[in-house]
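[1] this one's sequence-less:
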């Protein structure tokens, strides 16, 4: 009698034979005590190996691992922690920061005083100069921003959206849209205020956010 | 070392897949790291123990494995299974130790390095039976002891392949990935390992 190879008997016990191969092997097993005995032996081995216990760790295993693991924090928390390092902790620190920040103001005041002491400069002339220069800079910035918006797809999309509005778009809808924009703006301003200026509650607030 | 994520983590980790837990860990949630440890501590310790045959050393090597893996989560490629990755590192760590210390010795009755009775008892492997009569428990414990002895005598490569297939239920393809071997080689290892075990357990045949 021709017996199947041992790896085929293993595949049978593993249940990895396809239907026809399985049927052929099963018909052989019916009439072959030797192969049936080998299959029984394999099944016993599989059962014994499958019943091997898994070892439990000793208490504190996870803690010992965590002591050696560096937990990666999200960039938002890392940036917040970095920024906190630069916030003064006491009165002296704040006084120093105030002094540093006031230096440009003092410098500008000094330059202004010096200019005003010159015979050809007057207070009105200086004001006109500053006003004109500021207005020029603001206009230039606005023109650049306008050009960028016009050249971008946003302007095109907005124009398409506005064109698609129904003819009956009345004051009621306009009011609702304005109320929505105002609510969103007020909400954003409140969140900004809570995070930037309420320094005594900032730590606590960070602690409740899940990034 | 940076502090763990401080916010309350109200996530039911048991419901998450490995990649989802890893994504949470990457966001800095310590609970996610602990979940990964909880999922794999027993399989990893068991695999390493059956390779090095020393309970205390197995736990040290498992600890080393977890620290390596958890500190490298940023480099984890979700295209591969996390289990394959951690088992590969566990297997390589244990094999390195065997090569270094030539630990391929049989010590089912406790660590060869243990010097006191307590240390020997603490390092001994214990098979726990469920819902068994005292006779059945003794019989299954003896059988478990015989099987552990037989496993300890086969080649470490055969051992890993056999344990991953039979104890951890990993498919051949994943075992090949873990052991970084061709699929055919893994199948051969498992086939030869089973044959060796059958020979070594032949005396138990009824």
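    The structure has been received and is ready for your questions. Quantities reported herein were computed from a predicted structural model and do not represent experimental measurements.

[2] what pLDDT, on average, does the biggest helix by length in chain A get?
    For chain A, the helix that runs over the most residues, judged by DSSP state H, is helix A:123-151. For helix A:123-151, mean pLDDT is 88.

[3] Equivalent analysis for stretch A:21-28, please.
    Mean pLDDT, stretch A:21-28: 91.

[4] ok, now stretch B:34-52?
    In this model, stretch B:34-52 has a mean pLDDT of 95.

[5] hmm, that stretch touching chain A?
    Yes - with CB under 8 Å from any CB of the partner chain as the criterion, chain A is reached by stretch B:34-52 at B:34, B:37, B:38, B:41, B:42, B:43, B:45, B:46, B:49. (Each C-beta comes from the backbone N, C-alpha and C, glycine too.)

[6] Closest to residue B:67 out of those?
    Using CB to CB, residue B:37 comes nearest to residue B:67 of the residues of stretch B:34-52 next to chain A, at 10.3 Å.

[7] Count the neighbours of that closest one for me.
    21 (other CB atoms under 10 Å in any protein chain shown).

[8] Now it. Nearest residue, chain neighbours left out?
    Counting by CB to CB, 6 or more residues apart in numbering or on different chains, residue B:37 lies nearest to residue A:62, which is 4.7 Å off, once chain neighbours are set aside.

[9] Contacts only, for the one you found.
    With contacts defined as CB atoms under 8 Å, 6 or more residues apart in numbering or on different chains, residue A:62 is in contact with B:34, B:37, B:38, B:41.

[10] In helices, which of the residues of stretch B:34-52 next to chain A appear?
    Among those, DSSP H puts B:34, B:37, B:38, B:41, B:42, B:43, B:45, B:46, B:49 in helices.

[11] Redo the residues you listed as a markdown table? Include distance to residue A:22.
    Below are these laid out as a markdown table (distance: CB to CB, whole Å):
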| residue | distance to residue A:22 |
| --- | --- |
| B:34 | 44 |
| B:37 | 41 |
| B:38 | 39 |
| B:41 | 38 |
| B:42 | 34 |
| B:43 | 31 |
| B:45 | 37 |
| B:46 | 32 |
| B:49 | 36 |
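
[12] Buried among those residues? Need that as a selection in PyMOL.
    Buried residues among those (16 or more other CB atoms under 10 Å in any protein chain shown), as a PyMOL selection:
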select buried, chain B and resi 34+37+41+43+45+46+49
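
[13] ok now do the most centrally placed residue in chain B, which residues does it touch?
    The C-alpha lying nearest the average C-alpha coordinate of chain B belongs to residue B:47 (CA atoms, centre = their mean; 2.3 Å). Shown in contact with residue B:47 (CB under 8 Å, 6+ apart): B:87, B:90, B:91, B:94, B:160, B:163, B:164, B:167, B:168.

[14] Can you tell me which helix or strand of chain B has the lowest average pLDDT?
    One helix or strand of chain B scores below all others by mean pLDDT, DSSP states H and E: helix B:117-123, with a mean of 50.

[15] Chain A: helices as residue ranges?
    With DSSP H, the ranges of helices along chain A come out as A:6-14, A:19-31, A:33-50, A:61-67, A:75-85, A:91-117, A:123-151, A:153-163, A:171-196, A:199-208.

[16] I'd like to know which of the ones you listed is closest to residue B:80.
    Residue B:80 sits nearest to helix A:61-67 of all the helices of chain A, at 21.8 Å, using CB to CB.
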